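Chemist: fold the following.
(chains A and B)
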Number of protein chains: 2
Amino acid sequence: MKAIILSIGDELISGSTVNTNATIIANCFLQAGINVIKIITIGDNEYDIIHELDKSSTLADYVVISGGLGPTHDDITKNVAAKYFNSNLKLNNDAFERIKKRFKHLGREMDSSNNSQAILPHNAEIIPNDNGTAQGMIFKKNQTKYFFIPGVPYEMKIMMQKNILPVLIKESNRKITQIVIHTFEIGESNLFSLLKDWINKNNDLTIAFLPHYTGVDIKITAKSDQNDFSQALQELKEIARHYIFGYDDDTMENIIGNLLQSKKMTLSVAESCTGGRISNLFTNIPGSSNYFMYGVTTYSNESKKCILKVKQTTLDSFGAVSEQTAGEMAEGVRLITGCDIGISTTGIAGPTGGTDEKPVGTLCVGISIFGEVKTYKFCFNINRDANKIIFSQFALNKLRMELINR
Amino acid sequence: MKAIILSIGDELISGSTVNTNATIIANCFLQAGINVIKIITIGDNEYDIIHELDKSSTLADYVVISGGLGPTHDDITKNVAAKYFNSNLKLNNDAFERIKKRFKHLGREMDSSNNSQAILPHNAEIIPNDNGTAQGMIFKKNQTKYFFIPGVPYEMKIMMQKNILPVLIKESNRKITQIVIHTFEIGESNLFSLLKDWINKNNDLTIAFLPHYTGVDIKITAKSDQNDFSQALQELKEIARHYIFGYDDDTMENIIGNLLQSKKMTLSVAESCTGGRISNLFTNIPGSSNYFMYGVTTYSNESKKCILKVKQTTLDSFGAVSEQTAGEMAEGVRLITGCDIGISTTGIAGPTGGTDEKPVGTLCVGISIFGEVKTYKFCFNINRDANKIIFSQFALNKLRMELINR
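Modeler: The predicted model follows:
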């Protein structure tokens, strides 16, 4: 079975908005074992929408169309769909009640532009939206099923997962067997060279390399339902064991969170060059307050001394960006409330601030576990934003390895 | 003039990777005044690539193709392009030297998979890549120019901006006149209602509403070069003045950073529910160390008391999520090193932790300027990640207004 994703919105083709929706929709198709053959992104333009709806019917079993269902004048998808599927638009009472209820719940005034959101094509199956005013719609033409969903990411995601994914899973009888393996501290081409023989041996698998700032992912997909690749996976794990840190939905911070919970240990973070990014990663995890005590972003020497008790002599002798300072920061943040682990970063994220001795991209990391301090140094420069991501991941990976080795 | 963007990569259609590249490429076309009519995303599949290359030549003056130029076996774009444009692949000495130099600079071993990156189509104009091994290529067919660029975001972006954008701007003679206006604390439909008369009056402008968690953007584009819309813009600014916080590349944190620098004031941040996000936003700005002193993420009551000197009696009487606690946190963080401003957040990001009195989505903000403390309360719930974004934006907007009113 094949699927096409049609993303509609001027903002998507004019460089304003990244099309994150298409990735979420594609992921739902993946979960149902349905191949997405193409993602098409076009503007809010009647001719283009009708052209793509029409062409898709010869290519795909499913088409998911997102965007252009909002209440403003540039949202034309509903009217174009009504035209293409020969519908009359009329007031849908259920939808009207839902929208009224939603506005009441939010304590907001419902105005005429919202009323119009309940005017819907008579021959569409309506997908209720409890999280916004744009209702979803399902049409059928020949063998192709068309799902129209809102473009607002949060509403789109719930509708895809709650209303559409179950339909897709039921109608498709195939499941793709797939795993994503996360590696760190090895580049794409070196990882490829390391795995070359293994790839040649396993030509019944689809293998892709996906580089990110947080590491290179290896994605393995079985080419058929019958293909059990547990043996091949075991071999891969052995070959790349020094670099693999997780699988599928794992993130570095999640893995550390789980390790801390299982070991009943608590963590505090002192950040200079990563500027709060590590704290933000941990606090994105629901329930992280069980192990994440607090984070401190100490940019200035003053705050390093005042909050973290870094010694003036250390700053004078080695500088703020040094393994010595990193070590004192880690132990200092740990001691504030006496938790089990302190981790610190100090470095030069750029674009300015580098010297010959300590160029932009230099990072020092300190880790103190019950007062036993280890430090690390590292240098890699892309740009400020990327460096902060790579620096955080490097520091977290060192912490992960320390926790595993205990 | 018209453009098509062709994004190639299995990871893009299988739900693994968000296509951020297409947005950056589209933005370059926008800057050159060239309309992107379509973004097509397909897998690493020879038939599909050739089909789309061929179809594009009848529809567009420019086609930018990104992805599939890497050194691994799943990267087939270069070979397919050579086939489509009747090229022979041969060693390009300039490219080989560039790649060799790059590996030397990185202190890494160059292996055979990297050598193959210098084998290039004989009839393509090569775009040098100093930031990776995949070289860009330009082909012409009939009236259409094809730019092939790497899929690695950082390499792609530099190549687009440094090598391709100047060509586009030179060859197109048109510039779109456009502005993006950022609003906050008003929803899309209410903003639309507020501006309805103004929109009807200005039907010579293309007006789009773009909702984000950080606020609703209004994007105004002139339909012709001659169209001066400064008068209309002035009227809009008057109508929506309570909600507008910035324009084009402005972000809330950038605006605050500029205000702080011009007023020579310093800031520290104490975060509970936003968990380091506000610190991270400020430290993403190069040079923010001029005004951003430090951030503290105090999740536990213990750390609120210990680091920020929040009183036990305040926590007992009003709870951690209260305007009283927010106020003491703001003043507490300000006093640690005695900087000018302290700002704090305390709230319930969810999914758990809500009560009838303080549901998930509750936020309290404290702002202390030279010891004068103001507090704010707010409630809006989507999900944990979105809430952290909205909470941060709400707190920053209050600080922005305080700074403007001084």
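Chemist: just checking, what packs against the lengthiest helix in chain A?
Modeler: Here the longest helix in chain A is taken by residue count, with DSSP state H as the criterion, and it is helix A:384-405. Judged by 3 or more C-beta pairs under 8 Å, 6 or more residues apart in numbering or on different chains; DSSP states H and E, helix A:384-405 is in contact with helix A:252-263, helix A:277-283, strand A:341-347, strand A:362-369, strand A:372-379. (Each C-beta comes from the backbone N, C-alpha and C, glycine too.)
Chemist: who are the packing partners of the second one?
Modeler: Taking 3+ C-beta pairs under 8 Å, 6+ apart as the contact definition, the neighbouring helices and strands of helix A:277-283 are helix A:252-263, strand A:267-271, strand A:292-298, helix A:384-405, helix B:277-283, strand B:292-298.
Chemist: if we can go back for a sec, next, the angle helix A:252-263 makes with the longest helix of chain A.
Modeler: Angle of helix A:384-405 versus helix A:252-263, following axes from the mean of the first three to the mean of the last three C-alpha atoms, to 10 degrees, is 30 degrees.
Chemist: tell me the angle helix A:384-405 makes with strand A:341-347.
Modeler: If you take the same axes, to 10 degrees, helix A:384-405 sits at 150 degrees to strand A:341-347.
Chemist: now do helix A:384-405 against strand A:267-271, angle only.
Modeler: The directions of helix A:384-405 and strand A:267-271 differ by 150 degrees, with the same axes, to 10 degrees as the criterion.
Chemist: so which bits of helix A:384-405 are buried?
Modeler: Of the residues in helix A:384-405, those buried under the neighbour-count criterion (16 or more other C-beta atoms under 10 Å in any protein chain shown) are A:384, A:386-400, A:402-403.
Chemist: could you do stretch A:235-248 as well?
Modeler: When neighbours are counted by 16+ other C-beta under 10 Å, the buried residues of stretch A:235-248 are found to be A:236, A:240, A:243-246.
Chemist: mind checking pLDDT for the closest residue to chain B within the stretch 301-406 of chain A?
Modeler: With C-beta to the nearest C-beta as the measure, the residue in the stretch 301-406 of chain A that lies nearest chain B is A:Ser303; the distance is 4.0 Å. Per-residue confidence for A:Ser303 comes out at a pLDDT of 87.
Chemist: so where does A:Lys237 fall, helix or strand?
Modeler: In this structure, A:Lys237 is located in helix A:230-239 according to DSSP states H and E.
Chemist: ok, which stretches of the stretch 1-150 of chain A are helices?
Modeler: Per DSSP state H, counting those that start in this stretch, the stretch 1-150 of chain A carries helices over the ranges A:10-13, A:20-31, A:46-59, A:77-84, A:93-106, A:112-115.
Chemist: most tightly packed of those helices?
Modeler: Relative to the other members of those, helix A:10-13 carries the highest mean neighbour count by mean count of other C-beta atoms under 10 Å in any protein chain shown, namely a mean of 26.
Chemist: how far out from the middle of the chain is it?
Modeler: Averaging C-alpha positions (C-alpha atoms, centre = their mean, to the nearest Å) puts helix A:10-13 21 Å from its chain's average.
Chemist: is it anywhere near chain B?
Modeler: Yes. Using C-beta under 8 Å from any C-beta of the partner chain, helix A:10-13 comes into contact with chain B via A:10-13.
Chemist: so what does that helix touch, helix or strand wise?
Modeler: Based on contacts counted as 3+ C-beta pairs under 8 Å, 6+ apart, the elements that helix A:10-13 packs against are strand A:35-42, helix B:20-31, strand B:35-42, strand B:205-212.
Chemist: so which of those gets nearest B:Asn79?
Modeler: The stretch from the helices and strands packed on helix A:10-13 with the least distance to B:Asn79 (C-beta to C-beta) is strand B:35-42; that distance is 15.8 Å.
Chemist: check which helices and strands the closest one sits against.
Modeler: helix A:10-13, strand A:35-42, strand B:2-8, helix B:10-13, helix B:20-31, helix B:46-59.
Chemist: quick check: angle from that strand to strand A:35-42?
Modeler: Using the same axes, to 10 degrees: strand B:35-42 against strand A:35-42 is 170 degrees.
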